[in-house]
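> Predicted model and sequence below, questions to follow.
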Amino acid sequence: MTRSYLYVPGDRPSALAKAHLRGADAIVVDLEDAVPPAGKAAARAAAAEFVADPPPGVRVFVRVNSDSLDEDIAAVVVGPGLAGIWVPKADPDLLAAAGRALTAAERRVGLTVGALTLVPLIETARGVLDVRQIAAGPRVLRLGIGEADLAGELGMQRDPGTGDLPDGFAAIRVQVVVASAAAGITAPVGPVETALRDPARLERTTRLLLRQGFRARSAIHPAQLETINSVFTPSPDEVDAARRVMEAMSRADAAGSGVAVDADGRFLDRAVVRAAAEVLSRVGSVQDPADGRS
């Protein structure tokens, strides 16, 4: 399962050339926030060149602009090197437009229609209200959440001391997690941490995302990747405990009892087994086939 996505400005070819060496599971070539209006055309060209010959061992996505979605998609879909498109300020109408643009581009370059995925970013009030429909849409790999844009639209302010958003924002995160689970897609991607010189905060906020049901996070600097990857990778103790649970249930199923207990004699119900299976699903290749709609 992909744990970390590194944003790289599309108008910086030198940064793109080294991005695969930074430790990210996936690269998101950014045509949106990181690129000034005057640099959009150059960013499209650089992104297309990068996608045409992507580095090995890392998945490549492109974040497009919501107001030039058709043009951006037509420019960057140049072959099989692209995994998918990140759609900011996602809503059902915008996703439908993205799907149409992807279909046209896939046909133009000879890709199988439907091969490219979408990662909608929930960044608007409408996106929050329509999150269930968005999660269930065609091509959707997983959801993301852009909390800076969303907080601005909602008029929510960060605590001046801690930098945290109001407690009520947790309810929005829960909606994104629940919609993802209901749609049967991969658990969502958490928002970026903008405090680049506060590693303790990065650790704390990433662990909070893990507890809330997120299973990845986007990064705006390579220095954030080690922490993000570590938090979303189960520890050896967690893996060992999960395997013991699965083995105990397997023995119970083989015996026809359907009831299992752990080494301490505690009853293991199906919820415990599901949690153990989820831990094990996060072990191994970051490009696991299960990293998508189940």
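Received it, and whenever you're ready, just let me know what you need. Numbers count the residues shown, from 1 in each chain.
> among the helices and strands of this protein, which has the poorest mean pLDDT?
Ranked by mean pLDDT, DSSP states H and E, the helix or strand of the chain with the weakest confidence is strand 260-261, at a mean of 77.
> Which neighbouring elements make contact with that one?
helix 236-254, strand 267-268 (3 or more C-beta pairs under 8 Å, 6 or more residues apart in numbering; DSSP states H and E). Where you see a C-beta, it was placed from the backbone N, CA and C, and this is true even at glycine.
> Sheet-wise, list the partners of it with their directions.
strand 267-268 (antiparallel) (DSSP bridges).
> who are the neighbours in contact with V279?
Contacts for V279 (C-beta atoms under 8 Å, 6 or more residues apart in numbering) come out as P234, E238, V239, A241, A242.
> redo that, cut-off 7 Å
P234, E238, V239, A242 (C-beta atoms under 7 Å, 6 or more residues apart in numbering).
> Which one of those residues sits in the busiest neighbourhood?
In terms of neighbour count, A242 stands highest of those at 22 neighbours, by other C-beta atoms under 10 Å.
> any idea how far G57 is from the closest residue in space to M156 that isn't next to it in sequence?
Computed as C-beta to C-beta, 6 or more residues apart in numbering, the closest residue to M156 that is not its neighbour in sequence is P166, at 5.4 Å. Taking C-beta to C-beta, to the nearest Å as the measure, P166 falls 40 Å from G57.
> now do T162
Where G57 is concerned, T162 sits at a distance of 37 Å (C-beta to C-beta).
> now do T124
Where G57 is concerned, T124 sits at a distance of 34 Å (C-beta to C-beta).
> before we move on, what about S218?
19 Å.
> who has more neighbours, the two?
Regarding S218 and G57, a neighbour count based on other C-beta under 10 Å identifies S218 as having more, with 25 against 9.
> ok, and what's touching stretch 252-270?
Applying C-beta under 7 Å, 6+ apart, the external contacts of stretch 252-270 come out as R244, V245, A248, M249, R251.
> Which positions in that stretch come out as buried?
A252, A260, L268 (16 or more other C-beta atoms under 10 Å).
> and what of stretch 195-208?
Per 16+ other C-beta under 10 Å, stretch 195-208 contains these buried residues: R201, L202, T205, T206.
> Stretch 90-104 too?
A90, D91, L94, L95, A97, A98, G99, A101, L102, T103.
> Same question for stretch 156-172.
L165, F169, I172.
> hang on, I228 packs against R217?
Yes - with contact defined as C-beta atoms under 7 Å, I228 and R217 form a contacting pair (4.8 Å).
> Start and end of stretch 121-137, how far apart?
End-to-end distance of stretch 121-137 (C-alpha to C-alpha, to the nearest Å): 13 Å.
> residues making contact with that stretch?
Residues contacting stretch 121-137 (C-beta under 7 Å, 6+ apart): 86-92, 95, 120, 143-146, 149-150, 153-154, 172, 175-176, 179-180, 182-183, 185.
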